[in-house]
Each structure stands twice: as C-alpha cells, then as structure tokens.
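**Student:** requesting a structural model of the entry that follows:
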Amino acid sequence: MKGNFTLVSVFVLTFMLTGCVTVFVPVDTPTPAPTAIILPTNLPPTETLVPPPTSVQFAPFCSADPLAAACSSPSVAELSKACIKKVPYTLVALPPGATFEIVGTDMTCKDEGLRAGKRNISCTGQELTSYNLKVCDPACSAALLETDTGQCPEGYGYSAAAGCCWSVPTLKAGCVIYKVDIGGCQ
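**Tutor:** Coordinates of the predicted model:
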C-alpha cells in the first residue's frame, strides 16, 4: 500500500499543483492613448497689418492741350527803345485788357495807355540788362486745370471740359514770361 499511497500522493499533489498553476492566455492589452505634444505657436502680430493700397483709377490723359482751345497766351512785342534824359526805356505792346507783373527787381514799368489797338507799357532799369515781365490774359482764368481732386496723378490737373488730365503748366493758363531788354544810353 505504500506504493499506492505514493502514487495517490503524487497524483493528488500533481492535481493540486495544476489547480494552482495559472494558465497564461495572451490578452490584448489596450494601447495607451497618445500623449499630446504641444508645439510652440507663433504669437499673433502685435502691429496692425495694413492691406496693400488699391490702385487708383485716374481720368485718362488728354491727347491734345485742353487749354489751347479755351484761351491763348497773349502776344507781347517790343515796339522801341529810347533814352530820355540819359535813362533807357523800352516800349512794349500787350493785348488790350492784358495784365502785367514784373518778375524780380530793379525794373519798373508804367502803363502808357492804348495806341493802335495795343496796350503800351514803358519799362526802365539798368542799362544793357534783361528783365522778365509776366503778361497774362485775365479771360483765361476760367480755363485753369483743377488740381488736388484725386482724378489725376501729382503734377497733373483735371480739365472738366475735356474730361482728362493734363500737365499743370508752370505758369497760370494764359500767361507768358516776356524778356524785356533795356538798351543803353550814351
């Protein structure tokens, strides 16, 4: 019996051990959730972004001088040179109604009235010197170009009559600069 007991003992012991032994069955383990990585971001700009300016639509450029039809520059002509009591004078003819302005200094001019349909002015200054005289037709004042209206680029004026842009003249419309040559006396 001793042999049976040993066999039974081995059998019981094996049975007990097998009950205590855990059978490992592979189990799907859940994948851990991904860890969020915080990337640095650009901060919003601190200055205000200005959209690019839109292109300005200007009026078309004139193909012909819009002031030419509205008025013409006054015609100025030298009539004569003379000396009175050793003072040199130059007589200049202007259109009737024309205005004049001395540009610079050292020359004086006097209105001598109308003669042969022309306005005569006598001018004097230093002998053998040239001076500038601005002569304007006052009827041309309405023919000026409009500036600062935004219809034309800088340096151009808008002609409402022609509906276009024209280069702003250095002189007012209807004005000319005439060079008066003072003669010499002996």
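
**Student:** gap between the residue lying closest to residue 175 once chain neighbours are set aside and residue 100?
**Tutor:** The spatial neighbour of residue 175 that comes closest, neighbours along the chain excluded (CB to CB, 6 or more residues apart in numbering), is residue 136 at 4.1 Å. Glycine gets a C-beta too; all of them are placed from N, C-alpha and C. In this view, residue 136 and residue 100 are 8 Å apart by CB to CB, to the nearest Å.

**Student:** one step back: show me what the residue nearest to residue 175 is bridged to.
**Tutor:** When assigned by DSSP bridges, residue 136 has beta-bridge partners residue 99, residue 175.

**Student:** contacting residues around the closest residue to residue 118 other than its chain neighbours?
**Tutor:** With CB to CB, 6+ apart as the measure, residue 93 is the residue that lies nearest to residue 118, at 4.0 Å, once sequence neighbours are left out. Contacts for residue 93 (CB atoms under 8 Å, 6 or more residues apart in numbering) come out as 76-79, 118-120.

**Student:** can you tell me the SS state at residue 93?
**Tutor:** When the structure is split into helix, strand and coil by DSSP: H, G, I helix; E, B strand; the rest coil, residue 93 lands in strand.

**Student:** go on, residue 140?
**Tutor:** State at residue 140, reduced to three classes by three-state DSSP: helix.

**Student:** that one and residue 71 touch, don't they?
**Tutor:** Yes: Residue 140 sits in contact with residue 71 when judged by CB atoms under 8 Å, with a separation of 3.4 Å.

**Student:** what about the nearest residue to residue 164 once chain neighbours are set aside, how many neighbours?
**Tutor:** In space, residue 164 comes closest to residue 62 once its chain neighbours are excluded; the distance is 3.9 Å by CB to CB, 6+ apart. Neighbour count of residue 62, defined by other CB atoms under 10 Å: 19.
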